[in-house]
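# Predicted model and sequence below, questions to follow.
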Amino acid sequence: MSAAPLLDYAAVWVFALTGALTASRAQLDIVGFIFLAGLTALGGGTMRDLLLDRDTVFWIGQPGYLAVACTAALLIFFTAHLVESRLRWVVWLDAAALGVAVPAGMAAALADGQPSGIVIVMGVVTGTLGGLMRDVVANEVPLVLTQGELYATAACAGAGAGLIAAALGAGPTAALATAGVV
Amino acid sequence: MSAAPLLDYAAVWVFALTGALTASRAQLDIVGFIFLAGLTALGGGTMRDLLLDRDTVFWIGQPGYLAVACTAALLIFFTAHLVESRLRWVVWLDAAALGVAVPAGMAAALADGQPSGIVIVMGVVTGTLGGLMRDVVANEVPLVLTQGELYATAACAGAGAGLIAAALGAGPTAALATAGVV
Amino acid sequence: MSAAPLLDYAAVWVFALTGALTASRAQLDIVGFIFLAGLTALGGGTMRDLLLDRDTVFWIGQPGYLAVACTAALLIFFTAHLVESRLRWVVWLDAAALGVAVPAGMAAALADGQPSGIVIVMGVVTGTLGGLMRDVVANEVPLVLTQGELYATAACAGAGAGLIAAALGAGPTAALATAGVV
């Protein structure tokens, strides 16, 4: 299970970057940066854990996730003025985080013993709801809706790879690594 | 209890129709249709199940709900261009789904042994929050707020009928049927 | 523990006032007043209870909270036309409710045996998410983001006072009272 936490941390970090970039586009102060970064980074996984009725939401059990999100917010707060075309960065980082968060969400559902359909849905929930909350709170039309096909491609590729590898008898670690690479 | 699942499926189907029609109004692609249909169809009941701390969210236990929502999304995706004045359809279908979802939500709370006040609130939560999420995500002012009196009438009628029938000693099935008809 | 419920009721009442004032600004009907007041008043504490996986969401166990929120909605419904500059009232009442809700949220997390980091985050969740939902549903940019520094000051002051008093060995009641006063 050593790969799953790493994927989780990577997804949290990249999602936090997109949240902070969105805060920068909306010209918020440092509080807004941290708030939006945390909401984006933790929102999807939180919904997954609530829906699966897991005993502990992932970042409550391991507060290290909070620290990761905060560092991403601070990094962007001090460097965002150097970045051009922040919206394009948000779109591409969001797709990248999605590709990582989908297999991470699927891993949690698999570990919970859910059937395949629910495993896929939990991957989608984990991958999309954080960014959805970010855009809703920033009062924009969610990227997941306007960029649907790009996102769906990334998500399906990750999900498909994860399921195939799992079906072939590979351990969950290998399956997740495959999904993460795709 | 044979009527309760039927009411649930009917509410999920009609809510999914409104979500897909909203996606059509916002000119989203097929991914957006399925996403908004699913969010609208499952959002209210999911909040009810989380609030009541039920062991399993209803559509995780029975993935058939997901299939119902997807078929509604596909149906609208291929026929929405034939529909005139989609907003009016959304309003009326939403009110219809509300009339069905309120007693379905009340049934779940009754089965959970909640007092009357909470039973009513759970009916409202089940009936309104799915449409609320749909409108918030589509960046519109929620219909439940702007059309409040129409919706409240439908919801109160359903809720009242359900409670009266239950108080008169009818079984929950009869109570729900009454509420559904009203 | 006699102070904690009082703080909770006070926070619910003041948050409900801000929700109803927002409904007044958006020219909603009585249904919208009650809906927005309830969402604002109960939203933050509900998220705290879901995240901590507490057995019962606070207002389901004690429906008196619902009644408090409804009376605030009705009060504003009949008097809001007498109020000038409702947005300023919303901002200041919101900051006041935040100052009360943060220690109330921390008290719940402390009683749950959480570490300090999570206690602080739960205070922030309880204090901000209700107002966030209000603004998102009313289709405005959330005050917590645009007024971030004012809110953060109020929240940090309350949280810091609460933690210091707790660390000094005072009972939770004294700690909460201190936090509430600040």
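Now that the structure is in, tell me what you want to look at. Predicted model only: the values in this text are computed from it and were never measured.
# How many residues are close by the closest residue to A:L66 other than its chain neighbours?
Excluding its sequence neighbours, the residue lying closest to A:L66 (C-beta to C-beta, 6 or more residues apart in numbering or on different chains) is A:W59, at 5.9 Å. Placement of C-beta: from N, CA and C, glycine included. A:W59: 25 surrounding residues under other C-beta atoms under 10 Å in any protein chain shown.
# same check, this time on A:H81
A:H81 is flanked by 8 other residues according to other C-beta under 10 Å.
# For chain A, give me the ranges with low pLDDT.
A:1-4, A:148-149, A:154, A:157-182 (pLDDT under 70).
# near chain C, which residues of it?
Chain A comes close to chain C at residues A:23, A:26, A:28-32, A:35-36, A:46, A:50, A:55-57, A:60, A:63, A:66, A:136-139, as judged by C-beta under 8 Å from any C-beta of the partner chain.
# Now the buried members of those.
Buried by 16 or more other C-beta atoms under 10 Å in any protein chain shown: A:23, A:26, A:28-29, A:31-32, A:35-36, A:46, A:50, A:57, A:60, A:66, A:136-138, out of these.
# Show me which of the residues you listed is closest to A:S116.
Set against A:S116, the nearest of those by C-beta to C-beta is A:L50 (21.1 Å).
# thinking again about what came up before, touching, the residue nearest to A:L66 and A:R48? I think so.
No - applying C-beta atoms under 8 Å as the test, A:W59 and A:R48 come out as separate, 11.7 Å apart.
# Is A:N139 in a helix, a strand, or coil?
Secondary structure, DSSP: H, G, I helix; E, B strand; the rest coil: A:N139 is coil.
# hmm, who's touching the one helix or strand A:L74 maps to?
Secondary-structure element containing A:L74, defined by DSSP states H and E: helix A:64-79. With contacts defined as C-beta atoms under 8 Å, 6 or more residues apart in numbering or on different chains, helix A:64-79 is touched by A:8-9, A:12-13, A:16-17, A:19-21, A:23-24, A:30, A:33-34, A:36-38, A:41-42, A:58-59, C:117, C:121.
# can you give me how far the helix ranked longest in chain A is from the chain middle?
In chain A, with assignment by DSSP state H, the single longest helix is helix A:86-111. From the chain centre to the centre of helix A:86-111 is a distance of 4 Å (C-alpha atoms, centre = their mean, to the nearest Å).
# Does at least one residue of it sit close to chain B?
No - applying C-beta under 8 Å from any C-beta, one finds helix A:86-111 separated from chain B by no less than 9.3 Å.
# angle of that helix against helix A:64-79?
Here helix A:86-111 runs at an angle of 170 degrees relative to helix A:64-79 (axes from the mean of the first three to the mean of the last three C-alpha atoms, to 10 degrees).
# For chain A, which residues are neighbours of chain B?
By C-beta under 8 Å from any C-beta, the residues of chain A that approach chain B are A:50-53, A:114-115, A:117-118, A:121, A:128, A:132, A:136, A:139-142, A:144-146, A:148-149, A:151-152.
# one more time with 6 Å, if that's ok
Within chain A, the positions near chain B by C-beta under 6 Å from any C-beta of the partner chain are A:50-51, A:117-118, A:136, A:141-142, A:145, A:148-149, A:152.
# Would you reformat the residues you listed as JSON lines and include secondary structure?
JSON lines is the format used below for the residues of chain A next to chain B (three-state DSSP):
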{"residue": "A:L50", "secondary structure": "helix"}
{"residue": "A:L51", "secondary structure": "helix"}
{"residue": "A:G117", "secondary structure": "helix"}
{"residue": "A:I118", "secondary structure": "helix"}
{"residue": "A:V136", "secondary structure": "helix"}
{"residue": "A:V141", "secondary structure": "coil"}
{"residue": "A:P142", "secondary structure": "coil"}
{"residue": "A:L145", "secondary structure": "helix"}
{"residue": "A:G148", "secondary structure": "helix"}
{"residue": "A:E149", "secondary structure": "helix"}
{"residue": "A:A152", "secondary structure": "helix"}
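# Now the buried members of those residues.
Taking 16+ other C-beta under 10 Å as the criterion, what is buried in these is A:50-51, A:118, A:136, A:142, A:145, A:148, A:152.
# closest point of chain A to chain C, which residue?
Nearest residue of chain A to chain C: A:V31, at 3.3 Å (C-beta to the nearest C-beta).
# for the host helix or strand of that residue, packing partners?
In this assignment (DSSP H and E), A:V31 forms part of helix A:30-51. When contacts are defined as 3 or more C-beta pairs under 6 Å, 6 or more residues apart in numbering or on different chains; DSSP states H and E, helix A:30-51 packs onto helix A:3-25, helix A:58-61, helix A:64-79, helix A:116-137, helix C:148-167.
# which other residues reach the shortest one?
It stands for helix A:58-61. Contacts to helix A:58-61, defined as C-beta atoms under 6 Å, 6 or more residues apart in numbering or on different chains, come from residues A:42, A:45, A:49, A:65-66, C:118.
# Convert it to PDB, retaining C-alpha atoms only.
This file holds the C-alpha atoms of helix A:58-61, laid out as PDB (Å, rounded to 0.1, in the frame of the first residue of the first chain):
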ATOM      1  CA  PHE A  58      -8.400  11.000   5.400                       C
ATOM      2  CA  TRP A  59      -7.000  14.400   6.400                       C
ATOM      3  CA  ILE A  60      -8.400  14.200  10.000                       C
ATOM      4  CA  GLY A  61      -6.500  11.000  10.500                       C
END
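# A:L145 is in contact with B:L28, isn't it?
Yes - judged on C-beta atoms under 6 Å, A:L145 makes contact with B:L28 at a distance of 5.3 Å.
# residues in contact with A:D49?
Applying C-beta under 6 Å, 6+ apart, we find A:D49 in contact with A:57-58.
# if I look at it, how far off is C:D49?
Here A:D49 is placed at a distance of 14 Å from C:D49 (C-beta to C-beta, to the nearest Å).
# number of nearby residues for A:A67?
12.
# follow-up on the earlier one: just the buried residues of the longest helix of chain A, please?
For helix A:86-111, a neighbour-count test (16+ other C-beta under 10 Å) marks A:86, A:89-91, A:93-110 as buried.
# got it, and stretch A:39-47?
By neighbour count on 16+ other C-beta under 10 Å, the buried set for stretch A:39-47 is A:39-47.
# Need those residues in CSV (columns: distance to C:A80).
As requested, the buried residues of stretch A:39-47 are exported to CSV (distance: C-beta to C-beta, whole Å):
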residue, distance to C:A80
A:L39, 31
A:T40, 35
A:A41, 38
A:L42, 36
A:G43, 33
A:G44, 38
A:G45, 40
A:T46, 35
A:M47, 35
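# quick check, nearest of the residues you listed to A:L82?
Of all the buried residues of stretch A:39-47, A:L82 sits closest to A:T40, with 20.8 Å by C-beta to C-beta.
# and the two most separated of the buried ones among the residues of chain A next to chain C?
Maximum pairwise distance in these, criterion C-beta to C-beta, is 29.7 Å, between A:D29 and A:L50.
# Cheers, nothing more for now.
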